[in-house]
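Chemist: predicted model and sequence follow; I will ask about them next.
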Amino acid sequence: MPNWNKPWWHQFYVVILFIVGVGLTGWVTYNQWEIGAILGVLLVVWLVLYAKAQKRYDKHLNMYISTLSYRVNKASEEAISKLPIGIVLYDDHRVIQWANPFVYERFGTGLAGEKIDALHEELPALIEDDVSHETLSFESSYYYFTFERNERLLYIVDVTDKEKTQMRYDHMLPVVAHIYLDNYDEVTQSLEDQIRSRLLAQVTTALTNWASDYDIFLRRTSSDRFLAVMNHKTLLLLEENRFELLDDIREITAKEKVPITLSIGVGTEETSLKQLGLLAQSSLDLALGRGGDQVAIKKKNGRVRFYGGKTNAVEKRTRVRARVISHALRDFVKESERVIVMGHKRPDMDAIGASLGVMKIADLNDREGFIVLDQEDTNADVQRLLEEVKQHDHLWNQFISPEEALQLADKETLLIVVDTHKPSLVIEPKLLQMVDRIIVLDHHRRSEDFVHDPVLVYMEPYASSTAELVTELLEYQPMQFKMDRLEATALLAGITVDTKSFAVRTGARTFDAASFLRANGADTALVQKLLKEDLASYVKRAKLMENAYVHREGYAIAIAGDEEAYDQIIIAQAADTLLTMSGVKASFVVCRRADERVGVSARSLGDVNVQVIMERLGGGGHLSNAATQLEDLSLQDAQEQLEHAIDEGFEGGA
């Protein structure tokens, strides 16, 4: 009989052969019975032999299957116990039920019955966050964890060799740095040759020793510039030591009573040497734009890290740059059909004063100009200034709303951004996308967030205010002019506010600008009137300072109650007042604002770089004057983040 366990084609063949054999035997027997009998015997013999063969085949097949099952089961057991892959089963409560020997060998015995965090403390959070796989370090090794949540199963693969190879590759990536001696030409031009040579020799020796200690290739490219090439491992070591070279150079030059500092621009995480060079130059420009005496490290993705920035920017001794910028600004104004000036949200006196000054430049060059202002978002002193402006029709007609500005703007419009360089802070960000030419006039230290592709940038961190910069630009307009009393007063008020009545961040050129404005009709009595403070604000500020405490030696923090909203001006004034207290070298005020965001104002006497601290919280500003706004946070959370940022700066020496 056929074996019905055989494939169908084999069964069909046997049945057909049997039927043909029986039919043939019957036909032959019918004609010649002797031959038919022989065929019948042969057919029976074939059937008997086939049956025996099939029986032997079935026996061998059963033995093979039995042996194979045993081998497969044994191989599975061997694989689970000996393959270099960990397997962990856990229950609904994330308790380990079973693990193979690989897990016990790498992570320790006695894991059964323990919580899954006994393997690694980060595993519960990864399971909770529905992560499918993750590489984690354990002791000196790295493991790739794969999560099968439906089966509550965890696979673990040792990827130590792969990760260490990747680390070695990352450490060997090239890094390019441009090193620049800040203000070298300006400061040394009046020095005697002997002093200049000695100073340069000391600085060069310090740089050479630094390069030798860290295995850096260093070459001088000009009197005040150097090129450095290193690998990424060296850069990590420099960051760990927070670029102590900056402090060394500052100490060397201080002994000679020469204010020369060092700025370094670093390009990293790019394999192309050309792109690394471009990144390094961009980083150096950013460091210089922030006032120098610092390191800017820019990655391929555009992210930037900063180190240093401990000193105030040194005021330039030449006015050449101001004259060049003034003439370039005049050319751009003449090439445009109209000029639109825009400051930051909730503009202060500096932004409004600078805007009026730019409008004067547009008027001198016979171009129509407008100032973007949201009258619903201004503080008290600006409101008082606007009341004065309303009495001068030719000035008041220059103020337009953001909606009107969007209707006026086109490709022939020149947009001038004053007192800020961050697109996120301007009154109407859409304007930045609607014009082809943008000019930035600002006195803040440059941050990562910057207006895209401006045609002209005039950023001077040493300046007291944007109003001071605009006043200088007015001085170099190539025609004689007479300023309106209110225009000059607004510019002087902007300088007065940002210098705290000429008490801080005030240089020789600040007084020169104030003198020019006074000669052009600025009214100091009107300035005092505009900047008067009402009694309610004074009481509110005093109440705010009642909750002040010292977090670290010299770091004073005032936290407002959560039940009341404070104006940003009051927050800033409170920080200024708190800084005047004995023993306080840096002050921080944290309050809830009317827009539900948490405002933080920071001030220092120059010993503490509050700009770096505020940048850790997403803000910015100057070394001694900075701020930030935090969203979706309670005051307590904001306080904790501020203390953590202060601790980082304190421990890192920022």
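Modeler: Cool, got the structure.

Chemist: helix, strand or coil for Val131?
Modeler: Secondary structure assignment for Val131 (DSSP: H, G, I helix; E, B strand; the rest coil): coil.

Chemist: test for you: state the pLDDT assigned to it.
Modeler: pLDDT for Val131: 85.

Chemist: ok, which stretches of the stretch 551-654 of the chain are helices?
Modeler: Secondary structure of the stretch 551-654 of the chain (DSSP state H, counting those that start in this stretch): helices at 568-579, 610-615, 635-652.

Chemist: which of those helices sits most buried?
Modeler: With neighbours defined as mean count of other CB atoms under 10 Å, the helices of the stretch 551-654 of the chain peak in mean count at helix 610-615, which reaches a mean of 26. Every residue, glycine included, has its C-beta placed from N, CA and C.

Chemist: can you spell out which helices and strands pack onto the helix or strand Asp170 falls within?
Modeler: According to DSSP states H and E, Asp170 maps onto helix 160-171. Counting contacts by 3 or more CB pairs under 8 Å, 6 or more residues apart in numbering; DSSP states H and E, helix 160-171 packs against strand 141-148, helix 232-240.

Chemist: for those, which one sits closest to Glu487?
Modeler: helix 232-240 (48.0 Å; CB to CB).

Chemist: so which elements touch that closest one?
Modeler: So helix 232-240, by 3+ CB pairs under 8 Å, 6+ apart, packs with helix 160-171, strand 174-181.

Chemist: buried residues in the longest one?
Modeler: Across helix 160-171, burial judged by 16 or more other CB atoms under 10 Å covers Glu163.

Chemist: which outside residues touch that helix?
Modeler: Helix 160-171 is touched from outside by Thr135, Ser140, Ser141, Tyr142, Tyr143, Asn231, His232, Lys233, Leu236, with contacts defined as CB atoms under 8 Å, 6 or more residues apart in numbering.

Chemist: now list the buried members of these.
Modeler: By 16+ other CB under 10 Å, these give Tyr142, Tyr143, Asn231, His232, Lys233 as buried.

Chemist: and the residues you listed as CSV, adding distance to Val382 and pLDDT?
Modeler: Compiled in CSV, those are given as follows (distance: CB to CB, whole Å; pLDDT from 0 to 100):
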residue, distance to Val382, pLDDT
Tyr142, 57, 93
Tyr143, 60, 94
Asn231, 53, 95
His232, 49, 94
Lys233, 52, 94
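
Chemist: Asp285: which of the residues you listed is nearest?
Modeler: His232 (22.1 Å).

Chemist: close enough to count as contact, the closest one and Thr268?
Modeler: Yes: contact between His232 and Thr268 holds when scored by CB atoms under 8 Å: they sit 6.4 Å apart.

Chemist: pull up the overlap in contacts between the two.
Modeler: Leu173, Val175.

Chemist: in TSV, list the helices of the stretch 551-654 of the chain along with mean pLDDT and distance to Val333.
Modeler: Listed next are these as TSV, based on pLDDT from 0 to 100; distance: least, CB to CB, whole Å:
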stretch	mean pLDDT	distance to Val333
helix 568-579	86	32
helix 610-615	86	32
helix 635-652	83	42
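
Chemist: among these, which is nearest Arg321?
Modeler: Closest among the helices of the stretch 551-654 of the chain, once you apply CB to CB, is helix 610-615, at 22.8 Å.

Chemist: packing partners for that closest one?
Modeler: Using 3+ CB pairs under 8 Å, 6+ apart, helix 610-615 is in contact with strand 598-604, strand 620-621, strand 625-630, helix 635-652.

Chemist: average pLDDT for the helix or strand where Val20 lies?
Modeler: For Val20, the host element (DSSP H and E) is helix 8-31. In this model, helix 8-31 has a mean pLDDT of 68.

Chemist: and Met614, what does it touch?
Modeler: Met614 neighbours (CB under 8 Å, 6+ apart): Val600, Ala602, Gly620, Gly621, Ala626, Ala627, Thr628, Ala645.

Chemist: pretty sure the last one contacts Leu617?
Modeler: Read that as Ala645. Yes: Ala645 lies in contact with Leu617 (CB under 8 Å); the separation is 5.6 Å.

Chemist: ok so, going back, then the helix holding Asp170 to PDB, C-alphas only?
Modeler: Included here for helix 160-171 are C-alpha records, laid out as PDB according to Å, rounded to 0.1, in the frame of the first residue of the first chain:
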ATOM      1  CA  THR A 160      31.700  47.400  24.000                       C
ATOM      2  CA  ASP A 161      34.100  46.900  21.100                       C
ATOM      3  CA  LYS A 162      31.800  48.900  18.800                       C
ATOM      4  CA  GLU A 163      31.300  51.800  21.200                       C
ATOM      5  CA  LYS A 164      35.000  52.000  22.100                       C
ATOM      6  CA  THR A 165      35.900  52.000  18.400                       C
ATOM      7  CA  GLN A 166      33.400  54.800  17.800                       C
ATOM      8  CA  MET A 167      34.900  56.700  20.700                       C
ATOM      9  CA  ARG A 168      38.400  56.300  19.300                       C
ATOM     10  CA  TYR A 169      37.100  57.500  16.000                       C
ATOM     11  CA  ASP A 170      35.400  60.500  17.500                       C
ATOM     12  CA  HIS A 171      38.500  61.400  19.600                       C
END
